[in-house]
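In: Fold the following, please.
(one chain, ligands or ions: 1)
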Amino acid sequence: MSAIHLLRKLSKKPPSRLHRNLLSSTFSMDLPPDLARTTLIRPFSNHPAIFTNSHRLIPSCFRQSNLLPNWVSEKTKSIGLSSREFSTSVVETNTSDRVVGLSPNPLVIERIHKGEETIGESVSGGEIIGNEIKKSEETLVREESEAEKEAWRILEDAVVRYCGSPVGTVAANDPGDKLPLNYDQVFIRDFVPSALAFLLKGEGEIVRNFLLHTLQLQSWEKTVDCYSPGQGLMPASFKVRTVALDENTTEEVLDPDFGESAIGRVAPVDSGLWWIILLRAYGKLTGDFSLQERIDVQTGIKLIMNLCLADGFDMFPTLLVTDGSCMIDRRMGIHGHPLEIQSLFYSALRCSREMLSVNDSSSNLVRAISNRLSALSFHIREYYWVDIKKINEIYRYKTEEYSTDATNKFNIYPEQIPPWLMDWIPEQGGYLLGNLQPAHMDFRFFTLGNFWSVVSSLSTPKQNEAILNLIEAKWDDIIGNMPLKICYPALEYDDWRIITGSDPKNTPWSYHNSGSWPTLLWQFTLACMKMGRPELAEKALALAEKRLMADRWPEYYDTRSGKFIGKQSRLYQTWTVAGFLTSKLLLANPEMASKLFWEEDYELLDICVCGLSKSGRRKCSRVAAKTQILVR
Ligand code: GLC
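Out: Model (predicted):
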């Protein structure tokens, strides 16, 4: 049967997902990717996902990155310069390597053996100076602890293979778990610390495969009760399944979950953002920038960005999402504009700005990205920031102000300030709110969002310092017996009943409702290293190391001080293991760590696109507001 014939048949009756995956392997090698997108999408628009994703048209046996057809590399070569070359960010000084095609600072790790046993590793790197690679003077020899050795064994056991190649790690490998639900799948967000651990160890293959295979899943047909979410959406997770082709042959297929099976049907908004962040990290840590330059990868970035930047009814530059659309993937009252999504969004925008090739077809998008970055950082720095001074201001707010230059723009009633906060907020320090909407401030402290704001420079340098000051001052609450509380404080009594919908998994001081998640260690480590305070991370890591191995690497801990292994916690949770290893490796390799965070981009601070200041008829509200913001 010809490809066209087959496509016609498909347009009448949608095939099952597995069926389509098999079909895509059988006929479509003859179509170059841009042709597949522009020509086939129209006549068969009933099922656009079948035809629009060029890379899915590659037969499964060719899907390995090194076996791609010629047109992939030819197309890749024709891409123009990326805006990364023009970046003003301080950590971007080594970009010349990309122009001359050299591999910057490849990390060399040699394992040290005593007999059969690995007893340590020697880590060395190089540096690009001008166009030359210079080996760095410093070579570090570090002995692995027992916990690290066990962690590597568990991480390696968690690796999932597809067509013989490593493509990710399962969420948990708990032998005692009789009901793994979807913990036997590769989660996009969970894989990030695994990927970093592998990259920091000098193993890039699994990460490259993961990035390419998840890219294939991006344009999969996805429906929840016959409704399809946006095209660039990345799945929350995927599984490798073996399907029978006939009596004697089987084939492996990737089966993604876009939320259509997930508990609560939550939308995995963070997946695409993490994918972009990981893509940049892969380039930075391996020096292999050819991956991000590939045309299919560039298209993947654009699809995600277009989805995030699509016009809607939003009044704010923050991304509007439903509840549970990130690491907290159950109802926890984080719908609207939760900080975690905003900080990942900001990072993904910065990564995309660096990685997108600037040409005629991308220049509008690149401009939109810069404008959004500027508007988003202004909004978060100005309106999400709380410290003792700001709380006092809110405490004295006038309400019901109708004007463009209102002080209390969101009409926050001072009675909303929760009593716990008045006593809790330290003199030194502050943090970014969990969420902001009309007449609503969520004053809970959300750890990932705050750390990731530090890492990405979403918050100002002063705010970044203040966030770490707050952690230090509130050590017992945020770290206690086990780093780190996912948020603080817990929702209790009526709040728990109303906001979580009486969720028995999210009872006070458990799971997402202020449980302690060791995986967050790596983000804390990165934030501390960026701010020149690695000793804070070392202290937290030492605390975790004392218990994690003995406790069999739990997913999370419960109680106010993180004393108990979580009520329903999985054991041998991969991102607990990987978060621990990544923290260790980051601390041991500050130079590599510095490739993963961003400094302040002063160029962004000056962009204001509202045009009001030029017309002179009305005042730009940013100018008035800037008096309060701690910008530099
Ligand atoms: C839970 C967590 C989620 C994680 C998943 C797999 O659902 O809330 O963040 O990705 O488990 O570990």
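In: From here on, just use CA atoms for contacts and neighbour counts.
Out: Noted.
In: does the residue positioned nearest the centre of the chain sit in a helix, a strand or a coil?
Out: In the chain, the C-alpha closest to the average C-alpha coordinate belongs to residue 274, at a distance of 2.6 Å (CA atoms, centre = their mean). Local secondary structure at residue 274 is given as helix here, using DSSP: H, G, I helix; E, B strand; the rest coil.
In: Could you number the chain from 815 rather than 1 from now on?
Out: From this message on, residue numbering opens at 815, which makes the last subject residue 1088.
In: Okay, it and residue 1130: tell me how far apart.
Out: Relative to residue 1130, residue 1088 is positioned 22 Å away (criterion: CA to CA, to the nearest Å).
In: what's the answer for residue 1001, then?
Out: Residue 1001 sits 30 Å away from residue 1130, going by CA to CA.
In: Kindly report the same for residue 1374.
Out: Relative to residue 1130, residue 1374 is positioned 35 Å away (criterion: CA to CA).
In: likewise residue 1178?
Out: With CA to CA as the criterion, residue 1178 and residue 1130 are 20 Å apart.
In: repeat for residue 1139
Out: 18 Å.
In: These two: which is more packed in?
Out: Under the neighbour definition other CA atoms under 10 Å, residue 1139 and residue 1130 were set side by side, and residue 1139 has more, 24 against 13.
In: Would it be right to say that that one lies in a helix?
Out: No - assessed with three-state DSSP, residue 1139 is coil; it does not lie in a helix.
In: Give me the number of neighbouring residues for the nearest residue to residue 1136 once chain neighbours are set aside.
Out: Distances taken as CA to CA, 6 or more residues apart in numbering put residue 1149 closest to residue 1136, at 4.5 Å, once the chain neighbours are dropped. The local packing of residue 1149 (other CA under 10 Å) involves 16 other residues.
In: mind checking how far residue 1149 is from the ligand?
Out: When distance is defined by CA to the nearest ligand atom, to the nearest Å, residue 1149 is 15 Å away from the ligand.
In: tell me the mean pLDDT for stretch 1171-1180?
Out: Confidence over stretch 1171-1180 (mean pLDDT, whole number) is 96.
In: Around the ligand, pick out the residues from the protein.
Out: The interface of the chain toward the ligand, taken as CA under 6 Å from any ligand atom, is made up of 985, 997, 1001, 1003-1004, 1141-1143.
In: What's the separation between residue 1351 and residue 1402?
Out: When CA to CA is applied, the distance between residue 1351 and residue 1402 equals 12 Å.
In: who touches both of the two?
Out: Common contacts of residue 1351 and residue 1402 (CA atoms under 8 Å, 6 or more residues apart in numbering): none found.
In: Between the two, which is the more surrounded one?
Out: Ranked by neighbour count (other CA under 10 Å), residue 1351 and residue 1402 place residue 1351 first, with 23 against 15.
In: which element is the residue nearest to that one when sequence neighbours are not counted on?
Out: Distance criterion CA to CA, 6+ apart; nearest residue to residue 1351, sequence neighbours excluded, is residue 1339 at 5.0 Å. Using DSSP states H and E, the element containing residue 1339 is helix 1335-1344.
In: Let me see the mean pLDDT of the next helix or strand after that helix.
Out: Helices and strands here follow DSSP H and E; after helix 1335-1344, the next one along the chain is helix 1348-1361. Per-residue pLDDT values over helix 1348-1361 give a mean of 98.
In: pLDDT below threshold where in this structure?
Out: Residue ranges of the chain with pLDDT under 70: 815-955, 1033, 1423, 1425-1433, 1437-1446.
In: at 90 what do you get?
Out: Of all residues in the chain, those with pLDDT under 90 make up the ranges 815-957, 989-995, 1032-1045, 1072-1081, 1126-1129, 1217-1219, 1416-1446.
In: List phi and psi for the closest residue to the ligand within it.
Out: Of all residues in the chain, residue 1141 sits closest to the ligand, at 3.5 Å by CA to the nearest ligand atom. The phi/psi pair for residue 1141 (degrees, to the nearest 10) reads phi -50, psi -40.
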